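>>> Here is a sequence with its predicted model. Questions after.
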Amino acid sequence: MRVALVTGASRGIGRETALALAAKGLALFLVAEGTAEELASAGTECRAAGAPEAASATFDLGTPGAAEAMVAAALARFGRVDVLVNNAGIRCRKPFGTFTRADFTGLLEVNLAAAFFASQAVLPAMRAQGGGRIIHVASQMGRVAAEDNALYGMSKAALIQLAKNMAFELAREGIQVNSVSPGPIATEYNIVSYGRIPGRTEQMTARVPLGRMGQPAEVAEAIAFLATAAGSFIQGHDLVVDGGYTIQ
């Protein structure tokens, strides 16, 4: 039985990723911050979708040591982790020049440090198993500039580079590492965020050559592709799922 650990799994891209992996027969360990009921609901959906087992736990990945504790909990529950999906992330939109140290530290702890240290923590188990898959969920904002996105974009660019370095170092141990960069996706967060600014949704959609926002399930399918046999010869790649946003 293959096991996937998915962070930020209570909603949006993380939840859809869990369901996509469940449909491929993986057992799930689902993690999010302070959303035990949502995680339990996601676990029920995953079992219905085909997961042989689905467990969950809440962790605040902005707290030093939480990523390592999360991996330890997954290993204690299942004895192995075959796929690690580092999806948890937060945003902090401000004009450059107004960010505080607290903004900087808080965002990087979740968006970068958690993925970094969870990946390190899972290595001994993956080495003992003879391999594994690690996927960082980055963003198209790690590739292009946008207003008020200096801190968020920096964190996602770092994730893309982290995936490349990890892939280079770990390839000979059978550990595949890649990243996925979603573009404008119709998550609950984005729908609410864009809705606060008149015309924002239309402005974002106009920049997508395919003429629409993506769906969380479309990103999830890309992640599942990299997590399973279909993506067995892909290493150190950033798979952009943005409807063409970054080709302009």
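Looks like it arrived, so ask away.

>>> which SS state does His136 fall under?
Secondary structure, DSSP: H, G, I helix; E, B strand; the rest coil: His136 is strand.

>>> need the helices for the chain, in chain order.
Remark: helices assigned in the chain by DSSP state H are 12-23, 36-49, 66-78, 101-108, 114-129, 150-170, 188-195, 200-206, 216-227.

>>> most tightly surrounded among those helices?
Per-residue neighbour counts averaged over each of these give the maximum for helix 12-23, namely a mean of 26 (mean count of other CB atoms under 10 Å). Bear in mind the C-beta positions are built from the backbone N, C-alpha and C, glycine included.

>>> pull the CA atoms of it into CSV?
Output for helix 12-23, consisting of C-alpha atoms alone and laid out as CSV, is shown next (Å, rounded to 0.1, in the frame of the first residue of the first chain):
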residue,chain,number,x,y,z
GLY,A,12,-8.9,23.8,-2.4
ILE,A,13,-6.0,22.3,-4.3
GLY,A,14,-4.9,20.2,-1.3
ARG,A,15,-8.3,18.5,-0.9
GLU,A,16,-8.6,17.9,-4.6
THR,A,17,-5.1,16.4,-4.6
ALA,A,18,-6.0,14.0,-1.9
LEU,A,19,-9.1,12.9,-3.8
ALA,A,20,-7.0,12.5,-7.0
LEU,A,21,-4.5,10.3,-5.2
ALA,A,22,-7.3,8.4,-3.4
ALA,A,23,-8.7,7.5,-6.8
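
>>> tell me which strands and helices that helix is in contact with?
For helix 12-23, the elements it packs on are strand 3-7, strand 27-32, helix 36-49, strand 83-86, helix 216-227, judged by 3 or more CB pairs under 8 Å, 6 or more residues apart in numbering; DSSP states H and E.

>>> The same query, at a cut-off of 7 Å, please.
Under the contact criterion of 3 or more CB pairs under 7 Å, 6 or more residues apart in numbering; DSSP states H and E, the helices and strands touching helix 12-23 comprise strand 3-7, strand 27-32, helix 36-49, helix 216-227.
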